[in-house]
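Trainee: I would like the atomic coordinates for the input below:
(2 chains, ligands or ions: 4)
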Number of protein chains: 2
Amino acid sequence: MKALIGFSAFLLASASAFAQVPTIADKDLKIAAELRDEALKSSIGYKVVESLTTEVGPRMAGTPGDAAAVKWGVAKLEELGFDKVWTEPVTFPTWKRGTEKAEVIAPYPQPLVITALGFSVGTPKGGLTAEIIQFDTLEDLVKAPKGIAEGKIVFIKNRMKRARDGSGYGPAVSARGRGAVEAAKQGAEAILIRSIGTDSHRMAHTGMMRYEEGVKRIPAAALSAPDADLLENMTRRGKPITVKLDIDAQDGPDYTSHNVIGEIRGSEKPDEYVILGAHLDSWDLGTGALDDGAGIGITVAAAELIARLPERPKRSIRVIMFANEEQGLVGGKAYAEAHKDELKHIITAAESDFGAGKIWRLDSRVKQDAIPVVEKMVKVMEPLGITYGNNRAGGGPDLIPLRGYGISVFSLRQDGTDYFDYHHTPDDTFDKVDKESLDQNTAAYVVFAYLTAQMEGDFGFGLE
Amino acid sequence: MKALIGFSAFLLASASAFAQVPTIADKDLKIAAELRDEALKSSIGYKVVESLTTEVGPRMAGTPGDAAAVKWGVAKLEELGFDKVWTEPVTFPTWKRGTEKAEVIAPYPQPLVITALGFSVGTPKGGLTAEIIQFDTLEDLVKAPKGIAEGKIVFIKNRMKRARDGSGYGPAVSARGRGAVEAAKQGAEAILIRSIGTDSHRMAHTGMMRYEEGVKRIPAAALSAPDADLLENMTRRGKPITVKLDIDAQDGPDYTSHNVIGEIRGSEKPDEYVILGAHLDSWDLGTGALDDGAGIGITVAAAELIARLPERPKRSIRVIMFANEEQGLVGGKAYAEAHKDELKHIITAAESDFGAGKIWRLDSRVKQDAIPVVEKMVKVMEPLGITYGNNRAGGGPDLIPLRGYGISVFSLRQDGTDYFDYHHTPDDTFDKVDKESLDQNTAAYVVFAYLTAQMEGDFGFGLE
Ligand SMILES: [Zn+2]
Ligand SMILES: [Zn+2]
Ligand SMILES: [Zn+2]
Ligand SMILES: [Zn+2]
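Mentor: Residues are numbered from 1 along each chain as shown, chains lettered A, B, ... in the order given. Ligands and ions are numbered 1, 2, ... in the order given. Sure, this is the predicted structure:
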């Protein structure tokens, strides 16, 4: 509750339209429970993911797959009987992966499996050959004597830790995001990181990296876990290890994709709405089944189940398939910008973007007097194995801009134990989606969406 | 015992030098038990695999890796104190993998992960585009109406079954070996099979295929399991699926590699010997840790443990690192041919070529009156969780030629439940080797090698 102290006064003063203590009717709790049980028997979400991964597949921002996904999204929402389906433009710079090869040249010649990180520059034509300099962590690289990596290829061997809540990702991912900048500052020609992942398969994990104004832009790639092991084992032998990188990634022109939005129109307060989000884009290596086909399937299915009821809920429910989450949360930012005059119409929002593992916890971000309503919601989710966490929900990556405006968000927290085995690799494919778990997610989302669309009162606005 | 009936008369008549009922001294059983316990604490085998995969890595027959492996093998056996180390030439045709790409062109454009099968021809320059025709099994393709695949790419979707003893491999692998011939007979332009494997990772499994005189040579490749799923899911939609293959594999010139042999010289009967075998070559995709680095590690370590004893065993122990098993058991055939005048000097033989899973069963192939000695050997292995199987041991792929001459062989049967998750893929890397299991293998091999080198009498010759 800590987060709630201190702003309720502000809230009451500033958001008069949002000052009602929320309540949920018993009959709505009963309908929510029925929807939950219906969801567990449903296979809509699973079919939606199968459809997206089969008929579209990889859909990296700015590629033909992106355009195909937008077309698919509109058609799918229309097919499933949403009341209104539309798109909103999202413009961003693009990046093209080319061939990417790496090999140890000496003293133990053998190929390495790598993948370029998003927005990495390529190597000079014909490749780049240099000695490896190994660091345990990004911090070690930063703290090392100035110029230590001069003319070398930095290799960061840090391993990400497996955890149900994905908490190993944050500490590890800085090597991906900032590695190239820090390596360049130390004089390096390129950087290789151990993939930010928890598997031990020979597939490298891609993902975004960034350059910094005034710092040399050097190529950045991730090694698969077994290849990182290999470099470590070679390095342990004490001889200089020479590696050749050949990467021809490059930036492309700006591109306009679209957020795809489907609405179940509310019967009493159609202009107030609940947002269910997921991102439609994926990286290029896999078919984006877990990241974030699953989120698309879960949110679409939850809304569709509500649309099957004899009556529309009181508020509208918007399913937003965000464009280009992967390369900078661009769709999420565009939505917040385009709808900035109606932000108070958003009653709350939740994004599903963590695979298809079962939800085990619900976190909220609501005003303090709304907590009893959240507790009622959790009660309906309890049979799904879900308990209440705290009132500091993040809501999901594409909701960060909305959250920044003080909009209420919820996090339906999934079991991510295996998520980073597949995340951003070629292995993110449909077979990794467990139908039963996906249905459990849909069940939780339908409870959340229905109850928030039905309740009286609000969750507050201007939340910190 | 069934296999033993009927040939003992022949045996007694034809193999007078090999007519002694074997016996094992109690003190040797005691030493074998000590060696077994020593092996469980040892890490030689594990270090040998680490060394081979790190310093050599992929070593497909006829490649620079092959030559590096031979050099490595000689150096490793010398370093480990074998009494005699030598090589014997093995000549064979070679094959070169080039780039290999596949993609669905229509109606759902997306890339597919494939790998060419060993000795496949390439596609015409610029690739080959055709419609997919799907079959459940190779048998269905064979039994289908004549010319059914005219101008098409055959896709065989059969899935290999997981089993501890690897029994799913045989029925499935015919699609790899004979698929191209049968597809060509039905008019096909190329063939894609679901990988012969049990995993669901996005890596295709390579392995040998064969052409037939007088039948058109068409390109043959394997799809990773998720890609085979994808094609199946696309096919289910009922529209024609067009795929483009671009493979530039080709045959190369003949090459001479070497069997690498290390001997622990016997103290009493140095010219009689026990063979411990494994193959030194691997496919090119992984580092050949399980196939067959593990076998190399296990057999080298077993012999090395015996070499540490204060006295040499009575008979010699030969560790043979066979050249080019993968592309036709060439090293095994060469050894049998080169040593055909001394076959009776081989007391028995066993090859380790099924990964690093624990041994759970011992099969023998010995004359009937030798069974009591085998039972004593099994008793020493019992604490390792090993029981006796039957007297119809296969012995291992490179021992097929020796077995054909009626030489006794043993099969120390490993748990292969996970073996085909990695077999012939990029994922066959050192991290997949479990040290404890590898040591258990070494423990069983050292018991086998020591007791057979020490026992009085023989296992028979001319066995069927
Ligand atoms: Zn995502
Ligand atoms: Zn992602
Ligand atoms: Zn093998
Ligand atoms: Zn093999």
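
Trainee: confirm that A:Val104 sits in a strand.
Mentor: Yes: under DSSP: H, G, I helix; E, B strand; the rest coil, A:Val104 falls within a strand.

Trainee: give me the neighbour count for it.
Mentor: Neighbours of A:Val104 under the rule other Cβ atoms under 10 Å in any protein chain shown: 21. C-beta: built from backbone N, CA, C; applies to glycine.

Trainee: what does A:Gln368 give?
Mentor: Around A:Gln368 there are 16 residues (other Cβ under 10 Å).

Trainee: likewise A:Asp254?
Mentor: 9.

Trainee: what's the answer for A:Ile193, then?
Mentor: A:Ile193 has 29 nearby residues by other Cβ under 10 Å.

Trainee: for the closest residue to A:Arg194 other than its chain neighbours, give its distance to A:His205.
Mentor: In space, and not counting its chain neighbours, A:Arg194 is closest to A:Ala228: 3.7 Å by Cβ to Cβ, 6 or more residues apart in numbering or on different chains. Separation of A:Ala228 from A:His205 (Cβ to Cβ, to the nearest Å) stands at 11 Å.

Trainee: neighbour count winner among the two?
Mentor: A:His205 (31 against 27).

Trainee: quick one, what contacts the residue nearest to the more buried one when sequence neighbours are not counted?
Mentor: Among residues not flanking A:His205 along the chain, A:Ser195 sits closest, at 3.9 Å (Cβ to Cβ, 6+ apart). Contact analysis of A:Ser195 by Cβ atoms under 8 Å, 6 or more residues apart in numbering or on different chains lists A:Met203, A:Ala204, A:His205, A:Ala222, A:Leu223, A:Ser224, A:Ala225, A:Ala228, A:Thr425.

Trainee: starting at the chain centroid, how far to the biggest helix by length in chain A?
Mentor: Ranked by number of residues, the top helix in chain A under DSSP state H is helix A:435-454. In terms of Cα atoms, centre = their mean, to the nearest Å, the centre of helix A:435-454 is set 18 Å apart from its chain centre.

Trainee: kindly report the same for stretch A:331-343.
Mentor: 18 Å.

Trainee: ditto for stretch A:55-64
Mentor: Distance, centroid of stretch A:55-64 to centroid of chain: 16 Å (Cα atoms, centre = their mean).

Trainee: buried set for it?
Mentor: A:Glu55, A:Val56, A:Gly57, A:Pro58, A:Arg59, A:Met60, A:Ala61, A:Gly62, A:Thr63 (16 or more other Cβ atoms under 10 Å in any protein chain shown).

Trainee: kindly report the same for stretch A:432-450.
Mentor: By neighbour count with 16+ other Cβ under 10 Å, stretch A:432-450 contains the buried residues A:432-434, A:437-450.

Trainee: centre of the chain to stretch A:261-269, how far?
Mentor: Relative to its chain's centre, stretch A:261-269 lies at 25 Å (Cα atoms, centre = their mean).

Trainee: next one: stretch A:26-33
Mentor: Between the centre of stretch A:26-33 and the centre of its chain there are 31 Å (Cα atoms, centre = their mean).

Trainee: same check, this time on stretch A:154-169
Mentor: 17 Å.

Trainee: thinking again about what came up before, of the contacts of A:Ser195, which pair is most distant in space?
Mentor: A:Ala228 and A:Thr425 (13.9 Å; Cβ to Cβ).

Trainee: how about the residues of chain A by chain B?
Mentor: A:50, A:53-58, A:64-65, A:68, A:108-111, A:113, A:200-203, A:225-226, A:229-230, A:233-234, A:237, A:286-287, A:425-427, A:429-432 (Cβ under 8 Å from any Cβ of the partner chain).

Trainee: what's the ChimeraX line that selects buried ones from these?
Mentor: The ChimeraX selection below is limited to those of the residues of chain A next to chain B classed as buried (16+ other Cβ under 10 Å):
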select /A:50,53,54,55,56,57,58,65,68,108,109,110,111,113,201,202,203,225,226,229,230,233,234,286,287,425,426,427,429,430,431,432
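
Trainee: among the residues of chain A next to chain B, which are located in strands?
Mentor: By the criterion of DSSP state E, membership of the residues of chain A next to chain B in strands covers A:Gln110, A:Pro111.

Trainee: next step: the residues of chain A next to chain B restricted to helices.
Mentor: Counting by DSSP H, the part of these found in helices is A:50, A:53-55, A:64-65, A:68, A:225-226, A:229-230, A:233-234.

Trainee: and of the residues you listed, the nearest to A:Ala349?
Mentor: Out of those, the member with the shortest distance to A:Ala349 (by Cβ to Cβ) is A:Thr53, at 25.3 Å.

Trainee: ok, back up a step: separation between the residue nearest to A:Arg194 and A:Ile193?
Mentor: Counting by Cβ to Cβ - A:Ala228 and A:Ile193 are separated by 8 Å.

Trainee: where does pLDDT dip in chain A?
Mentor: Scanning chain A for pLDDT under 70 picks out the ranges A:1-19.

Trainee: remind me, longest strand of it?
Mentor: strand A:250-264.

Trainee: between the next helix or strand after that one and helix A:435-454, how big is the angle?
Mentor: Counting by DSSP states H and E, the next helix or strand C-terminal to strand A:250-264 is strand A:269-279. On the basis of axes from the mean of the first three to the mean of the last three Cα atoms, to 10 degrees, strand A:269-279 is oriented at 150 degrees to helix A:435-454.

Trainee: the helix or strand following strand A:269-279 packs against which elements?
Mentor: The C-terminal neighbour of strand A:269-279 among helices and strands, as given by DSSP H and E, is helix A:294-307. If you count contacts as 3 or more Cβ pairs under 8 Å, 6 or more residues apart in numbering or on different chains; DSSP states H and E, helix A:294-307 packs onto helix A:26-41, helix A:44-55, helix A:64-79, strand A:250-264, strand A:269-279, strand A:315-322, helix A:435-454.
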